[in-house]
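**Q** Make a model of this:
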Amino acid sequence: MKRALIIIAAIFLVQCKNNRIDRPEKPDNLLSEDKMVEVIYDMTLMSAAKGLNRRIIENNGIDPEVFVFDKHDIDSSQFAQSNRYYSYDIKVYESIYQRVKQKLETQKSVFNDELKKRATKADSISNTNRIRRDSLIRVKTFESNPDLQ
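**A** Presented below is the predicted three-dimensional model:
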């Protein structure tokens, strides 16, 4: 019984070693890490846009994935091979996604600042229009009722 257990454990250990995933070969057309960041960033934006404005994107005949690949002058095979190559080394892959995340957060901050500026401008215009309306009301009130002056 003891011998059988040892043999089974040995076979199990050998099988685990044989199931190890080998590092993928470096593709000839490997995208640089910087290019991967740009492609994944654009894919993320297109995915978000598709979620928000699916009908607009479909009506304009835009395929988000094809759009991103065309923009970066790559094809899906090149991206898939590069993605597989980088994903083998989790530290490199995590670094790529951290850079994408940082870029998204930076753009979100810029976008929010622009929204605040536009809201401030709209509030200013609204206040100016309110003051004009109020002054016109006062003028009309004084014209129609001279005793108030």
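**Q** residue ranges of the strands in this structure, please?
**A** Secondary structure of the chain, counting by DSSP state E: no strands present.
**Q** where does it have low pLDDT?
**A** Applying pLDDT under 70 to the chain flags residues 1, 12-21, 121-149.
**Q** now the helices for it?
**A** Secondary structure of the chain (DSSP state H): helices located at 2-18, 33-52, 54-59, 64-71, 76-88, 90-144.
**Q** For residue 27, which of those helices is the nearest?
**A** With CB to CB as the measure, helix 76-88 is the member of those nearest residue 27 (4.1 Å). For every residue, glycine as well, the C-beta is placed using N, CA and C.
**Q** Without its sequence neighbours, what residue ends up closest to residue 97?
**A** The spatially closest residue to residue 97, leaving aside those adjacent along the chain, is residue 40, at 7.2 Å (CB to CB, 6 or more residues apart in numbering).
**Q** dump the residue contacts of that neighbour.
**A** By CB atoms under 8 Å, 6 or more residues apart in numbering, the contact list for residue 40 reads 96, 97, 100.
**Q** For residue 47, list the residues it contacts.
**A** Applying CB under 8 Å, 6+ apart to residue 47 gives the contacts residue 64.
**Q** going forward can the numbers begin at 3, since that is how I track them
**A** All right, first residue 3 from here; so that's residue 49.
**Q** how close does it sit to residue 41?
**A** Distance, residue 49 to residue 41, by CB to CB, to the nearest Å: 12 Å.
**Q** count of residues packed around residue 74?
**A** Counted with other CB atoms under 10 Å, the neighbours of residue 74 add up to 17.
**Q** ok, it - contacts?
**A** 37, 40, 41, 44.
**Q** Just want the phi and psi numbers for the residue lying closest to residue 37 once chain neighbours are set aside.
**A** Closest residue to residue 37 apart from its sequence neighbours, by CB to CB, 6+ apart: residue 74 at 6.8 Å. Note on residue 74: backbone dihedrals following degrees, to the nearest 10 are phi -100, psi 0.
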